[in-house]
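*Asks:* Sequence and predicted structure below; questions after.
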Amino acid sequence: MATPLLFVTLIFFGSSLPFASSSNLQQSCPPCGGLNIPLPLSTDSNCGEQNYRLYCNNNTLQFLSESGLYYQVISIDPMANRLVISVPTIRKNACISSDLKVEGLTLDDSLPFNISKRNEVMLFNCADDILLSPLNCTTTSPCRKFEATSAGKSCRNTLCCSYLKDSAMTSHRIRIRVGGCTAYTSVINMSPNDPPSTWKFGIELQWA
């Protein structure tokens, strides 16, 4: 006669046990190119969350833009939910960024990544109508310092401007185009008096 009571007791206590959620069952992906891949980031269908997809190509960790271009991932800060991708190269003989053909960097706004507010973006070889914008196109703009470096040599003496990404701007795009500005770079967490030798070049993305 004790058997039914034991059965009911087991059901009661069994139903009170927490169910394992999908997040608890997730496995982190293996490192790529010397970088650890923290959850929820993913490089494969068998690990991480697929909305947070990165790509491990030839042992190089990369981020895929909405335009179909890959940008190398330089670093990941899992505590701040941030990662840094490389800035596109600027041609040595022309003031043109390597992603001009797709008009710069565009993120898929249906995914949980956006461009952080700590990016100081510098635009080069711009058309005159940019002077009507609120961007800093003065001689004090940090873009003038970049022009003096070897990396910015091909953009020297072009019309350049800079801006700090903020909430009033799209957080999913850095745009360049023929007939506008044709090259750009970005520095993370820049202080006004920092010399270019101390700048941290890259585009910082954050995820929700």
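*Replies:* Cool, got the structure.
*Asks:* any idea how far E120 is from E103?
*Replies:* 20 Å (Cβ to Cβ, to the nearest Å). C-beta coordinates here come from the backbone N, C-alpha and C atoms, glycine included.
*Asks:* Give me the more crowded residue out of those two.
*Replies:* Each of E103 and E120 had its neighbours counted (other Cβ atoms under 10 Å), and the higher figure belongs to E120 (22 against 16).
*Asks:* name the element the more buried one belongs to?
*Replies:* In this structure, E120 sits in strand 119-124 according to DSSP states H and E.
*Asks:* For that strand, enumerate its sheet partners and note whether each is parallel or antiparallel.
*Replies:* strand 161-164 (antiparallel), strand 183-188 (antiparallel) (DSSP bridges).
*Asks:* will you turn the ones you listed into TSV that also has distance to S28 and mean pLDDT?
*Replies:* Compiled in TSV, the strands paired with strand 119-124 are given as follows (distance: least, Cβ to Cβ, whole Å; pLDDT from 0 to 100):
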stretch	distance to S28	mean pLDDT
strand 161-164	33	95
strand 183-188	25	98
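*Asks:* CSV for those, including distance to N81 and mean neighbour count?
*Replies:* As requested, these are exported to CSV (distance: least, Cβ to Cβ, whole Å; neighbours: other Cβ atoms under 10 Å):
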stretch, distance to N81, mean neighbour count
strand 161-164, 20, 20
strand 183-188, 15, 25
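*Asks:* Please consider this matter closed, and thank you.
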